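Participant: next input, structure requested:
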Amino acid sequence: MKPSRLPPESGALYFQLFNEIGIIAQLSASRFERVLPHGLSAAQFNLLNHCVRLGDGWGPARLAAAFQVTRGTMTNTLQKLEAKGFIRVDPDADDARAKCVFLTPSGRAARDEALKALGPDLARLPADFPPDRVQEILPALESLRIWLDTHR
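Facilitator: Here you go, the predicted model:
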């Protein structure tokens with residue numbers, strides 16, 4: 001069943017867009033968590049992935065801002081990853097009061113292992129959601145992400 005389409009001038013149209021994105025985020029996180037190794041949560045995997053993609057050495061406050069979570073939530077995620085040996089939290093070389101988060105070799109390996117674990121599930125997508133359709137919608141989603149990031 002196709003969702004109803006609302007006129008572009010309607011705020012309801014944008015609500016519908018964000019509602020769909022939110023539901024997709026929940027469903028994909030749940031799917032991913034079922035196959036993630038080492039008892040990783042989606043939040044923990046996302047943090048490891050962030051460190052691989054954008055580099056490490058970020059402070060907990062900056063990470064909390066990037067992930068749009070409270071400092072307490074980020075501290076909890078960092079503590080769980082540190083207990084697993086996937087990150088280390090060191091004093092900042094420039095400011096001893098501050099901390100920096102670094103990915104460990106086991107953290108990188110866990111992230112890579114998680115990607116492999118996700119592979120079979122993601123491999124089933126093309127049958128119902130072909131790559132050309134993904135390539136068609138990705139630019140719009142990337143543009144929306146950039147706009148949202150810029151207008152926090």
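Participant: so what's L78 up against?
Facilitator: For L78, the contact set (Cβ atoms under 8 Å, 6 or more residues apart in numbering) comprises L47, P60, L63, I87, V89, V101. To be clear about C-beta, it is placed using only N, CA and C from the backbone, and glycine gets the same treatment.
Participant: A strand includes the last one, no?
Facilitator: Which is V101. Yes. Under DSSP: H, G, I helix; E, B strand; the rest coil, V101 falls within a strand.
Participant: sorry, back to before: helices - which of the contacts of L78 land there?
Facilitator: Among those, DSSP state H puts L47, P60, L63 in helices.
Participant: distance of the second one from P105?
Facilitator: Distance of P60 to P105, given as Cβ to Cβ, to the nearest Å: 21 Å.
Participant: who has more neighbours, the two?
Facilitator: P60 (17 against 9; other Cβ atoms under 10 Å).
Participant: could you say which helix or strand holds the residue nearest to the more buried one when sequence neighbours are not counted?
Facilitator: Closest residue to P60 apart from its sequence neighbours, by Cβ to Cβ, 6 or more residues apart in numbering: M74 at 5.3 Å. Counting by DSSP states H and E, the element that carries M74 is helix 71-83.
Participant: need the CA coordinates for that helix. CSV is fine.
Facilitator: Presented in CSV, the C-alpha positions along helix 71-83 are these (Å, rounded to 0.1, in the frame of the first residue of the first chain):
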residue,chain,number,x,y,z
ARG,A,71,26.7,13.6,27.9
GLY,A,72,25.5,10.9,30.4
THR,A,73,24.2,8.7,27.5
MET,A,74,27.5,9.1,25.7
THR,A,75,29.5,8.4,28.9
ASN,A,76,27.5,5.2,29.4
THR,A,77,28.2,4.1,25.8
LEU,A,78,31.9,4.9,26.1
GLN,A,79,32.1,3.0,29.4
LYS,A,80,30.6,-0.1,27.8
LEU,A,81,32.9,0.0,24.8
GLU,A,82,35.9,0.7,27.1
ALA,A,83,35.0,-2.4,29.2
